[in-house]
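Peer 1: Have a look at this fold, sequence not included:
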């Protein structure tokens with residue numbers, strides 16, 4: 001009787017372990033797999049994906065770029081990225097008249113998942129200039145408090 005482990009079994013085990021490790025790393029890093037995803041005309045926003053670049057933008061705002069916080073109003077009031085506008089994920093579709101399609105939108109939430117959901121909704125509504133920046137945990141500087 002052969003006591004060596006089956007190579008197929010080891011290979012499947014290794015693959016499953018690798019998948020779980022990758023997911024674990026994403027959770028620990030606190031980031032969605034969708035961070036940096038942009039709309040068809042949002043590629044210009046990619047330069048702000050690094051926190052230090054977004055910090056420069058908050059220090060010197062550009063009228064054509066809005067930073068959108070899709071967390072709850074309570075979370076927003078507790079501390080948000082400076083210059084960010086509050087559009088909670090559950091309210092965005094009811095407030096589209098407040099968000100011009102001509103604006104570039106940098107969207108963030110707690111970890112990036114809700115920002116991706118909002119991005120998909122905006123895409124369906126005809127928006128093309130947006131980017132999922134990810135989660136506020138990436139912001140290393142002081143937060144603005146309402």
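Peer 2: Now that the structure is in, tell me what you want to look at. The structure displayed is predicted, hence computed values, not measured ones. Numbering: from 1, shown residues only.

Peer 1: Now residue 108: closest residue in space that isn't a chain neighbour?
Peer 2: Spatial nearest neighbour of residue 108, chain neighbours left out: residue 133 (4.3 Å); criterion: Cβ to Cβ, 6 or more residues apart in numbering. C-beta here means a position set from N, CA and C on the backbone, and glycine is covered the same way.

Peer 1: and that neighbour, backbone torsions?
Peer 2: Dihedral pair for residue 133: phi -80, psi -20, per degrees, to the nearest 10.

Peer 1: I'd guessed it sits against residue 116; true?
Peer 2: No. Residue 133 is not in contact with residue 116 according to Cβ atoms under 8 Å; the separation is 10.6 Å.

Peer 1: And these two? Which one has more around it.
Peer 2: residue 133 (28 against 20; other Cβ atoms under 10 Å).

Peer 1: can I assume residue 105 sits in a helix?
Peer 2: No. Read with DSSP: H, G, I helix; E, B strand; the rest coil, residue 105 is strand and lies in no helix.

Peer 1: so what's it up against?
Peer 2: Taking Cβ atoms under 8 Å, 6 or more residues apart in numbering, we find residue 105 in contact with 42, 65, 66, 68, 99, 122, 127, 129, 130, 131.

Peer 1: excluding its backbone neighbours, what's nearest it?
Peer 2: Among residues not flanking residue 105 along the chain, residue 130 sits closest, at 4.1 Å (Cβ to Cβ, 6+ apart).

Peer 1: what's the neighbour count on that neighbour?
Peer 2: Neighbour count for residue 130, taken as other Cβ under 10 Å: 27.

Peer 1: which residues touch it?
Peer 2: Neighbours of residue 130 in contact, by Cβ under 8 Å, 6+ apart: 38, 39, 42, 45, 104, 105, 106, 107, 119, 122, 123.

Peer 1: Of those residues, grab the buried ones for PyMOL.
Peer 2: Buried residues among the contacts of residue 130 (16 or more other Cβ atoms under 10 Å), as a PyMOL selection:
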select buried, resi 38+39+42+45+104+105+106+107+119+122
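
Peer 1: could you dump the contacts of residue 130 to TSV with distance to residue 11 and pLDDT?
Peer 2: Formatted as TSV, the contacts of residue 130 follow (distance: Cβ to Cβ, whole Å; pLDDT from 0 to 100):
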residue	distance to residue 11	pLDDT
38	36	95
39	39	94
42	40	95
45	41	97
104	46	98
105	44	98
106	42	98
107	40	98
119	36	96
122	42	97
123	38	97
